[in-house]
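>>> 3D, please:
(chains A, B and C)
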Amino acid sequence: MGPPYGSRSPRPRRRALTYARWVSRSPLPPADPAVVVTRVLAWYAENARDLPWRRPDCSPWGVMVSEFMLQQTPVARVLDPWRAWMGRWPQPAALAAEPSGEAIRMWGRLGYPRRALRLHAAARAIVESHAGAVPHTETALRALPGVGEYTAAAVAAFAYGQRTVVVDTNVRRLLARLVDGTPQAPPHPRAAERSLAAAHVPEDPQRAADWAVASMELGALVCTARSPRCEACPLADLCGWRHAGHPEGTYVSRTQTYEGTDRQCRGALLALLRDVPGPVATDQLQREWPDHRARDPDQFARALAGLARDGLIAPVGGGHWTLPTA
DNA sequence: TATTCGTGGTT
DNA sequence: TAACCAAGAAT
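Prediction:
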C-alpha cells in the first residue's frame, strides 16, 4: 500500500496538466445560441419527464402551485403533495376560503413552510385583485406574495406560453459550463447571467417557453451539479467546461449544519402544531425542544417568537398556540 | 449584498 | 459519512 491518495498534494501537478491540455487544443469558439436551442429542444422531445404540471390540461393554478413547491425542493418530493393540494384546492378561490393554518398543515414536511403561507396569501390576492384567475403578466405575477423573478417568468411561460427569460439554478449552471467554462455559476446571480440567458431565448413565444423547460430539464437530468452525465449531453462538443478538461470549482459553499439550529427547532415546533388538531401549551412545545438539544438557552423562545412573527403560529391565550385560524 | 428560511435524498 | 444539493424569495 502506498501513501493515501492526495497525501503528496497532487493539486499543482493536476493544474499543470490541465493547462497543457488547454494550450494544446484549438480554441473552442463560442457556441451559437441557435444551435444550442435546437439541440436542447430535440433532446427534450426524447427525454422529458412526464410531470403532472407539464400536461396540457394542467391549469395555470396548477403550474403556479408546482412552482411554489419546487422552490429549493426536488421534483420527487413535490409529486405527492402537489396532487393532494390540487385535489383539495383545484382553484385559487378554494384555498383563499380557508384559514392560512390549513395551508401550513397541508404543506406537511415539504420544508420552508413560509412558502405555504405565501401561496395562501397569493391565492387571496388573486381572488381580490384578479377575479380568481392567475394573472398573465410577469408584472402582475411578480406582485404576488412569494413570487420572485424566477417564479413570475416560469408561470408566464409554462402556464400562458409567454416569451420570458427563465433563469433558475439549472440554467445558471448549464450556461456557466457551456459558455464560461466554469463548473458552477457564482453563488449569487449576476446581471451578466441574465443577459447571457436572454441571448438564448428564441423569438417565438412558444419556442421560448419550450426552451425554458427544456434547458431546466437538461440541467436537472444531465448537467447535474455533481457527477454530470456528459456522455448523454447534446451539447458536449460545444461545452467550454468539458473542453477545458472539467477544471474544479472555486466557490466553497458554507456548510450549513442542520442539527441544533434554529431551523431545526422551528421545524420541530411547527411539526407538533401541524400534527394535532387544537391548541398546544407552551410547556408542551418546550418539551419538544428540551434545553439539552438547544445550542443556547434562548433558542426555544427565539424560535417560538420567530414563528409567530412570520405568521406561522398564533397565540390563543392561556399560554397556548395554534396554526393561524384567519 | 449577505442572511435566513426546512427537509431529506445523494455522493 | 459528512457534506452537498434541490424549478428561490424576502429582507
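>>> Residue A:283 - nearest residue in space that isn't next to it in sequence?
Closest residue in space to residue A:283, ignoring its immediate chain neighbours: residue A:319 at 7.4 Å, by Cβ to Cβ, 6 or more residues apart in numbering. Quick note: C-beta positions are derived from backbone N, CA and C, even for glycine.
>>> which bits of the stretch 51-200 of chain A sit near DNA strand B?
A:72-74, A:76-77, A:109-114, A:188 (Cβ under 7 Å from any atom of the strand).
>>> and those near DNA strand C, which?
Counting by Cβ under 7 Å from any atom of the strand, the members of these near DNA strand C are A:72-74, A:111-112.
>>> Most widely separated two among those?
The most widely separated members of these, counting by Cβ to Cβ, are A:74 and A:112 (13.0 Å).
>>> So which of those two has more stuff around it?
Between residue A:74 and residue A:112, counted using other Cβ atoms under 10 Å, the more crowded position is residue A:112 (16 against 9).
>>> And the more buried one, how far from residue A:204?
Residue A:112 sits 35 Å away from residue A:204, going by Cβ to Cβ, to the nearest Å.
>>> and if you look at residue A:187?
For residue A:187, the distance to residue A:204 - Cβ to Cβ - is 33 Å.
>>> Same check on residue A:65?
From residue A:65 across to residue A:204, the span is 27 Å (Cβ to Cβ).
>>> Look at these two and report which has more neighbours.
The neighbour comparison of residue A:65 against residue A:204 (other Cβ under 10 Å) goes to residue A:65, with 25 against 12.
>>> Assign a three-state SS to that one, would you?
Look at residue A:65: counting by DSSP: H, G, I helix; E, B strand; the rest coil, its state is helix.
>>> Could you look up the SS state of residue A:167?
Quick answer, by three-state DSSP: residue A:167 is coil.
>>> Name the residues of the stretch 101-250 of chain A found near DNA strand C, please.
A:111-112, A:118, A:145-152, A:154, A:168-170, A:173, A:184, A:213, A:216-217, A:219-220, A:224-226.
>>> Quick one: buried ones out of the residues you listed?
With burial judged by 16 or more other Cβ atoms under 10 Å, the buried subset of these is A:112, A:118, A:146-147, A:150-152, A:154, A:168-170, A:173, A:184, A:213, A:216-217, A:219-220.
>>> circling back: any chance of the ones next to DNA strand C among the residues of the stretch 51-200 of chain A next to DNA strand B in JSON lines, plus secondary structure and pLDDT?
JSON lines is the format used below for these (DSSP: H, G, I helix; E, B strand; the rest coil; pLDDT from 0 to 100):
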{"residue": "A:72", "secondary structure": "coil", "pLDDT": "98"}
{"residue": "A:73", "secondary structure": "coil", "pLDDT": "98"}
{"residue": "A:74", "secondary structure": "coil", "pLDDT": "97"}
{"residue": "A:111", "secondary structure": "coil", "pLDDT": "98"}
{"residue": "A:112", "secondary structure": "coil", "pLDDT": "98"}
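>>> Now residue A:185. Nearest residue, chain neighbours left out?
Per Cβ to Cβ, 6+ apart, closest to residue A:185 is residue A:172, 3.8 Å.
>>> Do you know the pLDDT at that neighbour?
We note a pLDDT of 98 for residue A:172 in this prediction.
>>> element containing it, please.
Element membership of residue A:172, judged by DSSP states H and E, is helix A:169-175.
>>> For that helix, which helices and strands make contact with it?
Applying 3 or more Cβ pairs under 8 Å, 6 or more residues apart in numbering; DSSP states H and E, one finds that helix A:169-175 contacts helix A:191-198, helix A:205-221.
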